[in-house]
Structures are given as structure tokens and as C-alpha cells.
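Engineer: One predicted model, sequence on top.
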Amino acid sequence: MSKISTCLWFATDAEEAVRHYTSLIPGSGIEYVLRSPGPWPGGQAGEVILITFTLDGQQYQALNGGNAADYGTAASISVSCADQAEVDRLWAALTANGGQEVACGWLRDRWGVPWQIVPEALPRLLADPDPAVSARVFQAMQTMVKLDVATLERAAAGG
């Protein structure tokens with residue numbers, strides 16, 4: 001177990017969220033579920049208090065705090081996607097059932113957790129040694145909500 005992990009706050013449905021997240025990202029799983037031995041401010045005996053889980057080996061915690069929390073926009077879970085198919089799959093699953101599209105590859109899932117769904121092509125194209133290529137890719141990205149690899153590559157090529 002790592003000394004450092006991100007803890008996500010949920011009202012009462014941390015377990016549902018964690019099962020959803022771990023089903024989406026290969027190499028993920030639930031490591032530990034702590035259930036309350038008695039009544040507590042967030043719920044009743046036997047209910048989940050804390051879950052330790054991994055997303056592709058990165059450790060997280062999910063806490064049932066009894067009331068909803070606002071995640072703000074200063075932090076997000078960023079996923080590097082191999083291709084457009086992976087971007088599309090994760091985007092659809094995370095925006096389903098009340099999730100919200102934001103901009104430039106950002107979304108909020110139905111629990112309000114911010115995510116960045118980023119194709120591996122984006123940082124590669126943005127790092128092109130030709131500043132004109134990088135500028136075109138950046139400009140194209142700014143017009144998108146869900147990132148589109150083909151459009152980014154066309155922008156890089158000048159089209």
C-alpha cells in the first residue's frame with residue numbers, strides 16, 4: 001500500500017462509484033472495504049465507510065461522508081487513452097446517468113468527480129518541434145468537448 005493516495009468523498013454511494021470506476025479501467029480493482037461496526041454520522045452498522053481501490057495500479061480511497069461534497073475544478077482524474085475507441089468508451093460510461101461534458105476532454109461523472117479523458121496523441125502532437133503544428137493542435141483542442149484524435153491529427157497536418 002502506498003503512503004499517498006487520493007481520497008474521493010461521496011455521500012453514501014462510494015461502493016457503487018468504485019465498482020463503476022474499476023469496471024472501466026483495465027488493471028483496476030477493490031483492495032479493501034471498511035464497514036462500520038456500529039451507527040456513525042454517515043450511516044448505519046455494516047455500511048461502507050471507506051474503500052481502498054486502484055485504477056490501473058494507482059491507489060485511491062472512496063469515503064462515504066454522509067452528505068455530498070463539491071469537487072471543484074482544481075483537481076481531476078486524468079486518463080491517458082491509447083486511441084479514439086478508448087476515449088469514446090470511457091467518455092460514454094462516465095457521462096452516462098447524469099454525468100456532464102465540460103470542455104477540452106474534461107467531464108464530470110454522475111457523482112461530480114472531474115475527469116480528463118485524453119488520447120495519447122494529444123500530448124505528442126502538442127509537443128511537436130514545429131510551433132505552428134503545436135499551435136494548430138492547441139487551437140483545434142480548444143474547440144472540442146470530447147477530444148477527437150482524427151481532428152487533432154488533421155490540425156497537426158495543416159488541414
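Structural biologist: Okay, I see it.

Engineer: Work out for me the element the residue most central in space within the chain sits within.
Structural biologist: Central residue of the chain (Cα atoms, centre = their mean): Trp115, 3.3 Å from the mean position. Secondary structure assignment for Trp115, by DSSP states H and E: strand 114-119.

Engineer: Dump that strand to PDB, keeping only the CA atoms.
Structural biologist: Extracted as PDB, the C-alpha positions of strand 114-119 are listed here (Å, rounded to 0.1, in the frame of the first residue of the first chain):
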ATOM      1  CA  PRO A 114     -13.900  15.600 -12.600                       C
ATOM      2  CA  TRP A 115     -12.100  13.500 -15.200                       C
ATOM      3  CA  GLN A 116      -9.800  14.300 -18.100                       C
ATOM      4  CA  ILE A 117     -10.100  11.700 -20.900                       C
ATOM      5  CA  VAL A 118      -7.000  12.400 -23.100                       C
ATOM      6  CA  PRO A 119      -5.900  10.500 -26.200                       C
END
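
Engineer: So what touches that strand?
Structural biologist: Residues outside strand 114-119 that contact it (Cβ atoms under 8 Å, 6 or more residues apart in numbering) are 71-73, 75-84, 86-87, 90-91, 94, 102, 105-109, 146-147, 149, 152. Every C-beta, even on glycine, is put in place using the N, C-alpha and C of the backbone.

Engineer: before we move on, back to that, what bridges to the residue nearest to the centre of the chain?
Structural biologist: Legend: beta-bridge partners of Trp115 under DSSP bridges are Ile77, Leu107.

Engineer: and what of Val33?
Structural biologist: Val33 has the following beta-bridge partners by DSSP bridges: Ile51.

Engineer: I'd say it and Ile51 touch.
Structural biologist: Yes. Val33 is within contact range of Ile51, at 5.2 Å (criterion: Cβ atoms under 8 Å).

Engineer: residues bridging contact with those two, i.e. touching both?
Structural biologist: Listed as contacting both Val33 and Ile51 by Cβ under 8 Å, 6+ apart are Glu15.

Engineer: okay, those two: which has more neighbours?
Structural biologist: Using other Cβ atoms under 10 Å, the more surrounded residue of Val33 and Ile51 is Ile51, with 24 against 15.

Engineer: pLDDT at that one, what is it?
Structural biologist: Note for Ile51: predicted pLDDT of 97.
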